[in-house]
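J.: need a structure here:
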Amino acid sequence: MHKLSVSDVLFHADPAQMDNWRDMSTENLAYVVTDYFARKHRGDRQRGAGRAKDTVSKALDLTGLSEWSLRELDGFKRLAPLLASIPKLESWNAQDKADLVRIIRAKPGPHERSFVLLCATHARLKLAIEKLAATRSL
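T.: Numbering: from 1, shown residues only. I've put the predicted structure just below:
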């Protein structure tokens, strides 16, 4: 168990589902977000997070944020810098955008499982994040 605790473990009941498994560097995603703040906001994380939220809201044609819970808004603010780093997010089709909004709103939910399942089934988001993780800006 000690050896398992120091690395990621993935299990899927259907072995065929493992054929498409690719490892992704969350460390590189952290660099992408850090680079976003450094390049676009001179390292000002507070201002950058607010601007990222505005950028993503516009790209996703988001309206009605006043109806979101405080937890949903906080989750959105935390995800926004990563999402703002996705090239051409504004050009995604309406369904992909709507599905991404569902993911954003699920992030602070009571069960991480809902968020993870929604992420896993959003092919365009998954590909975009994998591409970001494959790059290291700093």
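
J.: Distance check, residue 62 against residue 133.
T.: 25 Å (CB to CB, to the nearest Å). Backbone N, C-alpha and C define where each C-beta goes, glycine included.

J.: What number of residues are in the vicinity of the closest residue to residue 26 other than its chain neighbours?
T.: Counting by CB to CB, 6 or more residues apart in numbering, residue 26 lies nearest to residue 133, which is 7.3 Å off, once chain neighbours are set aside. The number of residues packed near residue 133 is 19, by other CB atoms under 10 Å.

J.: Give me the phi and psi for residue 133.
T.: phi -70, psi -20 (degrees, to the nearest 10).

J.: so it sits right up against residue 28, yeah?
T.: Yes. In terms of CB atoms under 8 Å, residue 133 counts as a neighbour of residue 28; the distance is 4.8 Å.

J.: What is the burial count for the nearest residue to residue 41 once chain neighbours are set aside?
T.: Distances taken as CB to CB, 6+ apart place residue 48 nearest to residue 41, at 3.5 Å, with adjacent residues excluded. Using other CB under 10 Å, residue 48 has 22 other residues around it.

J.: can you tell me which helix or strand residue 48 belongs to?
T.: helix 45-59 (DSSP states H and E).

J.: Mind giving me the packing neighbours of that helix?
T.: With contacts taken as 3 or more CB pairs under 8 Å, 6 or more residues apart in numbering; DSSP states H and E, helix 45-59 sits against helix 26-41, helix 70-84.

J.: Residue 75 is in contact with residue 101, isn't it?
T.: No. Judged on CB under 8 Å, residue 75 makes no contact with residue 101 at a distance of 11.7 Å.
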